[in-house]
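K.L.:
Pasting a predicted model and its sequence here:
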Amino acid sequence: MQTKTGVPASPGIAIAPAIILDSEEYPIPERHIDRALVPTEIDRINRAFDSAIGELTELEAQQHDLGQIGIRDLFAVHRHFLQDKSLRTKIINLVNAEAMTAECAIDRAFGDVHQQFAKANDRYVRERAADIADVKKRLLKYAIGIKESSLDTLGQEVIIVAKDLRPTQAALLDPRFVKGIACDAGGKTSHTSIVARALGIPTVVALGDLTGSVARGTQLIVDGNTGIVIIDPTSDTLAEFRAAAESIATLQQDLQIIRHEPAVTRDQMPVTLLANIEFPEEIEHVLQVGAEGVGLFRTEFLYLQAGVEPSEEVHYTTYARVIQAMQGRPVTIRTMDLGADKFTQSHRFTPEANPFLGLRSIRFSLKHRDMFVAQLRAILRASALGPVKIMFPMITTPKELTLAHEVLAYAQSDLRAGGIPFAPDVPVGIMIETPAAALMSHRLARCAAFFSIGSNDLTQYTLAVDRGNPQVADLFSAAEPAVLELIKTTVDGAKTAGIEVSLCGEMAAEPKYTMLLLGLGLRTLSLIPQMIPEIKKIIRSVTVAECERVADAALAADSAEQVLESLVMRTRPLLPQFFK
């Protein structure tokens, strides 16, 4: 028996023999053509786009008929990406300029976009690179005429073992036969993992070298709650995990029942659960899981997905779709969080020795006022359609907030002069992502309508740890007492001005942190939609007094290890299926 540890991506326990899925890599040599053949290559590009869009539209409709809203939305996101005219234009321009083949132009154009996502330090952004690769492979399939391998002929229960699994590959798996997924690569918030959750397939990713350790037919246990995969388990181990699987099935039924129940503690303290999103296509799933609004709408994907700067109209139509779909529920739109790990047009940037301490987020927006004004005008215009909040990222000083407000006032004045309607009272808040902002929160609260704590960056800057650097990533922990002190300071700073404070980082989606965050005084959490039912179950199982005792113990601890041990001990009885 051998045990591998990875990242838990979709809950549940699967026990079945392995099937190894080969990765599909299409090698694209750089090949140039006679200029007389350029129109032919452009025709191939257009036919590939049209065929891929048609296939995605059909898959989208099939998933809608099956009632799989989250999976349908994935196909819609990919279709929307391919329907972006600027992307097709960029590929055609490459063929015209360099007389290269259609597939070579597709490979290069997608490679540029993929690189922007793949090198991101933000895990959520980085995991979208898999979607870019997925869309590229679909397009190349039609450009080159390659037939994809299929799992449609499965007739027995298996666990899929792969280096990685494309999101739309996962979307077409049949849960009757595919009982589990185990991948060498991948991430917890990737669309592959999200799809696996929607299908109810237990999944563990980031296992490193599992494919090199398992042969076809090898008996496996995949534990999607704790992130372990057991190879050739003993009979006693099999019995233990079969019993655990039954317990998890019961939990999933409970979560379905409470999905639309209020998030309120046992002593009747209401907690607001909001969703983090990046695409309009996600909204129906947001409503399906019972979110009360959108607490973080990431907008940088409008800049990254096609490699060209979006117009004000593109911004507006995107925001309008979300606001209207939310049917009166609030939508918090974060202004562009570009720079450092997320880039747009190359001419906008001068290389920086240390980009995470350089021109990023609100600093970038203030430096490139034309882009900032275009986005703010679009958000304000969309505010006429429903409740909207504007959120500025990575504010570190009151001066930065003042400057951002001045740009917003200019955009409002410009719209007013043009007779363009917008809501006059849009709340404007900020993300607390640095120790400076947390320590000055009592002053920043005087000029902000609300705070949202970005625990990912706050942890990175507090501990001086780049979690994207494997040499120090193990030092990255939001449970470090220094981070918790800054969260508490921010909550207290918000209270001095009577403004709302939420937390929208990955801590919000981790069940082990829920009692701690409530105990620190947070009453609003914004998280990935698929984790809302689990977090709600914990909230409905505890009292505020219990949570405050958990927080007091964490703040008194000397290390992240002590904090985590205590948190797991307190949370395990509430969600025993998630912890060993």
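P.N.:
Right, received. Where do you want to start?
K.L.:
domain assignment for the chain?
P.N.:
For the chain, automatic domain parsing gives the domain ranges 2-24+149-236, 35-145, 261-578.
K.L.:
now the longest one: mean pLDDT?
P.N.:
Spelled out, it's domain 261-578. For domain 261-578, mean pLDDT rounds to 90.
K.L.:
how distant is that domain from the center of its chain?
P.N.:
12 Å (CA atoms, centre = their mean, to the nearest Å).
K.L.:
Could you do stretch 175-186 as well?
P.N.:
20 Å.
K.L.:
Okay, helices next: where are they in the stretch 101-250 of the chain?
P.N.:
102-118, 123-126, 129-140, 167-171, 191-199, 235-258 (DSSP state H, counting those that start in this stretch).
K.L.:
Tell me which helix or strand the closest residue to Leu475 other than its chain neighbours sits in.
P.N.:
The shortest distance from Leu475 to any non-neighbouring residue, by CB to CB, 6 or more residues apart in numbering, is to Val465 (4.7 Å). C-betas here are computed from N, CA, C, even on glycine. For Val465, there is no helix or strand it lies in under DSSP states H and E.
K.L.:
so what's Val465 up against?
P.N.:
Neighbouring residues of Val465 by CB atoms under 8 Å, 6 or more residues apart in numbering: Thr459, Val472, Ala473, Leu475, Phe476.
K.L.:
Highest neighbour count among these?
P.N.:
The residue in the contacts of Val465 with the most neighbours, by other CB atoms under 10 Å, is Thr459 (25 neighbours).
K.L.:
How much space separates that one from Thr490?
P.N.:
13 Å (CB to CB, to the nearest Å).
K.L.:
and what of Ala171?
P.N.:
Ala171 is 39 Å from Thr490, by CB to CB.
K.L.:
what does Ser51 give?
P.N.:
Relative to Thr490, Ser51 is positioned 51 Å away (CB to CB).
K.L.:
Give the residue from those two that has the larger number of neighbours.
P.N.:
Neighbour count, other CB under 10 Å: between Ser51 and Thr490, Thr490 has more, with 28 against 15.
K.L.:
distance of that one from Ala206?
P.N.:
From Thr490 across to Ala206, the span is 31 Å (CB to CB).
K.L.:
so what's the nearest residue to Thr168 once chain neighbours are set aside up against?
P.N.:
Nearest non-adjacent residue to Thr168, counting by CB to CB, 6+ apart: Asp134, 5.5 Å away. Residues near Asp134 by CB under 8 Å, 6+ apart: His78, Arg166, Pro167, Thr168, Gln169.
K.L.:
Can you give me the pLDDT of Asp134?
P.N.:
Looking at Asp134, its pLDDT stands at 86.
K.L.:
quick one: it from His114, how far?
P.N.:
The gap separating Asp134 from His114 is 10 Å, by CB to CB.
K.L.:
Please apply the same query to His368.
P.N.:
From His368 over to His114 (counting by CB to CB), the distance is 24 Å.
K.L.:
Val491 now?
P.N.:
Val491 is 39 Å from His114, by CB to CB.
K.L.:
Contacts for the longest strand along the chain, please.
P.N.:
Criterion DSSP state E: the longest strand present in the chain is strand 13-21. The contact list for strand 13-21 (CB under 8 Å, 6+ apart) reads 149, 151, 154, 157-162, 165, 179-180, 182, 201-202, 211, 214-225, 233, 238, 241-242, 244-245, 248.
K.L.:
ok, now stretch 173-181?
P.N.:
9-10, 12, 14-16, 151-152, 154-160, 162, 165, 170, 192, 196, 199-205, 220, 222, 224.
K.L.:
which among the residues you listed end up buried?
P.N.:
Buried residues within those, counting neighbours by 16 or more other CB atoms under 10 Å: 9-10, 12, 14-16, 158-160, 162, 165, 170, 192, 196, 199, 201-205, 220, 222, 224.
K.L.:
shouldn't Leu380 be in contact with Asp414?
P.N.:
No - using CB atoms under 8 Å, Leu380 is not in contact with Asp414; the gap is 9.4 Å.
K.L.:
which of those two has more neighbours?
P.N.:
Leu380 (25 against 14).
K.L.:
give me the element the more buried one is part of.
P.N.:
helix 369-382.
K.L.:
what about Met431, is that helix, strand or coil?
P.N.:
strand (DSSP: H, G, I helix; E, B strand; the rest coil).
K.L.:
and it, what are its bridge partners?
P.N.:
As for beta bridges, Met431 partners with Ser452 under DSSP bridges.
K.L.:
Quick check: it touching Thr332?
P.N.:
No - with contact defined as CB under 8 Å, Met431 does not count as touching Thr332 (10.1 Å).
K.L.:
And the helices in the stretch 451-580 of the chain, which stretches?
P.N.:
Using DSSP H, counting those that start in this stretch, helices in the stretch 451-580 of the chain cover 455-463, 481-497, 514-519, 532-539, 544-556, 560-571.
K.L.:
Any chance of the ones you listed in JSON lines with distance to Gly328 as columns?
P.N.:
JSON lines is the format used below for the helices of the stretch 451-580 of the chain (distance: least, CB to CB, whole Å):
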{"stretch": "helix 455-463", "distance to Gly328": "29"}
{"stretch": "helix 481-497", "distance to Gly328": "25"}
{"stretch": "helix 514-519", "distance to Gly328": "27"}
{"stretch": "helix 532-539", "distance to Gly328": "19"}
{"stretch": "helix 544-556", "distance to Gly328": "29"}
{"stretch": "helix 560-571", "distance to Gly328": "34"}
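K.L.:
highest average neighbour count across the ones you listed?
P.N.:
helix 514-519 (a mean of 26; mean count of other CB atoms under 10 Å).
K.L.:
ok, Glu127 - how many residues close by?
P.N.:
Quick note: Glu127 (other CB under 10 Å) scores 23 neighbours.
K.L.:
No further questions, thank you.
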